[in-house]
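# Quick one: sequence and predicted model below, then my questions.
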Amino acid sequence: HRLIHAIFCRYTNILHTFRCYPVHLIIIAMPPLHDAAIAMGRRGWDALRRSTSVNLQSMSYPAASASNHVLRGNANNGLLTHRHRSIHTQQQTSVRCLSTSTSKSNNLNTTTNLTESDGDADNKSIFSKLWDKYSFEGQKKRIVLGERLFRSAQYRANDPRWFQEARIPYEFRPRHALLTMHVWFLHKRLLADRVDSHLALLVQEELFDILWNDTRARIRAEGVNELTVNKHLKDAQQLTFLHCTHYDHAFQEFADDDPKRFQEIAGIVWTYVLNKDEEAYDAQLKRLATYVEYQYVNLLQGVPDDYFWEGRIPWGDIPDFKDMKDNDGKELEEMGDVPGLEILPKPWMKTLTDAGENYYWNTETDQTSWKKPI
């Protein structure tokens, strides 16, 4: 209690006011820090120190957060897929994440203050880290940014050209692998961030939580039995982490060996994105592997910090898959209609409720509709 009292007094300049009062009165006088104070009292100083001295270079994927998230969610939450969670009924409009690659946000000022950094994690005080993690404003920051980053990755991964020109099967696993690939790009940028690496770590956890919530909705959309949804989600999580760690291995182990790295990336793409299709084309694999190499450099070095911390990701162009030839050198015929793939007029996109039901979202006006737009 004395330790908690001292910490609060130091960082709020109220030692002369509250030094004669017990800790619980300080908590009442400072409601935004209520959760932080409870956490400190419950976990103790050692747990607090461990949680605030994270080595970002050795950070692994947030598996614990993922396993906890498996049990969350309600199948009847309505149109909440593009809002990961409601912060407040009067502020729901600021939580919505627009597709940052195609539209301007009506609430852009919600996250512009993220670029006003408090410094890197090594220079942030314990109080600042607690504020980022437990305060209302800190939670709102990472929820909004996590949503914007995820929707940007989702919009790029759902581009119809992947399934038409690139001839990627329009099935659950290849589509999930495409989404995982783009989330991995964002994950690597967050780990390498030096604007506010502690907040970037929290945003990374939020990003994966949103991914699991979206994955659960897509599993339900496949029509599986509700009792098996969590089982399928755990399988998808294991596959996702394996997919990501294979990319990590390729770029770390073969950082100075371009041909070997390119070969490894092609093997990863063939395994996960093309689902080990024995009839995959060499030209198709080469262009997809080149795209992975390009995006890795683009996200880590090409995207300005101001853009990234506002959730605006310039993904660049999708590779040109036209005029591809098969492995015998013959030109491929043009693809016809892809079963299940809906081509929507811009800026509409199809998304899912938590129950796995389709609805349509206008990324510019934020309008939603159960009916397919014409």
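Everything's here; your move.
# average pLDDT for the helix or strand hosting P259?
P259 belongs to helix 258-268 when assigned by DSSP states H and E. Mean pLDDT, helix 258-268: 95.
# and if you look at stretch 143-160?
94.
# Tell me the buried residues in it?
For stretch 143-160, the neighbour count (16 or more other CB atoms under 10 Å) marks 143-158 as buried. No exception for glycine: its C-beta is placed from N, CA and C like everyone else's.
# and of those residues, the nearest to G316?
R156 (9.6 Å; CB to CB).
# The closest one against V183, yeah?
No: R156 is beyond contact range of V183, at 10.5 Å (criterion: CB atoms under 8 Å).
# Backbone dihedrals for T351, please?
Per-residue torsions, T351: phi -140, psi -180 (degrees, to the nearest 10).
# any idea how far it is from Y360?
In this structure, T351 and Y360 are 8 Å apart, going by CB to CB, to the nearest Å.
# Please verify my assumption that F254 contacts I265.
No: counting by CB under 8 Å, F254 does not reach I265; the two are 9.1 Å apart.
# of those two, who's got more company?
Neighbours per residue (other CB atoms under 10 Å) separate F254 from I265, with I265 holding more: 23 against 16.
# and the residue nearest to the more buried one when sequence neighbours are not counted, how many neighbours?
Among residues not flanking I265 along the chain, A289 sits closest, at 4.4 Å (CB to CB, 6 or more residues apart in numbering). Burial of A289 is recorded as 22 neighbouring residues (other CB under 10 Å).
# In contact with A289: list those residues for me.
With contact taken as CB atoms under 8 Å, 6 or more residues apart in numbering, A289 is in contact with F262, I265, A266, V269.
# on that earlier part again, and the helix holding P259, what does it pack against?
Secondary-structure packing of helix 258-268 (3 or more CB pairs under 8 Å, 6 or more residues apart in numbering; DSSP states H and E): helix 229-253, helix 282-297.
# For Q164, find the nearest of those.
helix 282-297 (12.7 Å).
# Now the very next helix or strand once past that closest one: buried residues?
Using DSSP H and E, the helix or strand that follows helix 282-297 in sequence is helix 305-308. The neighbour-count check on helix 305-308 (16+ other CB under 10 Å) flags F308 as buried.
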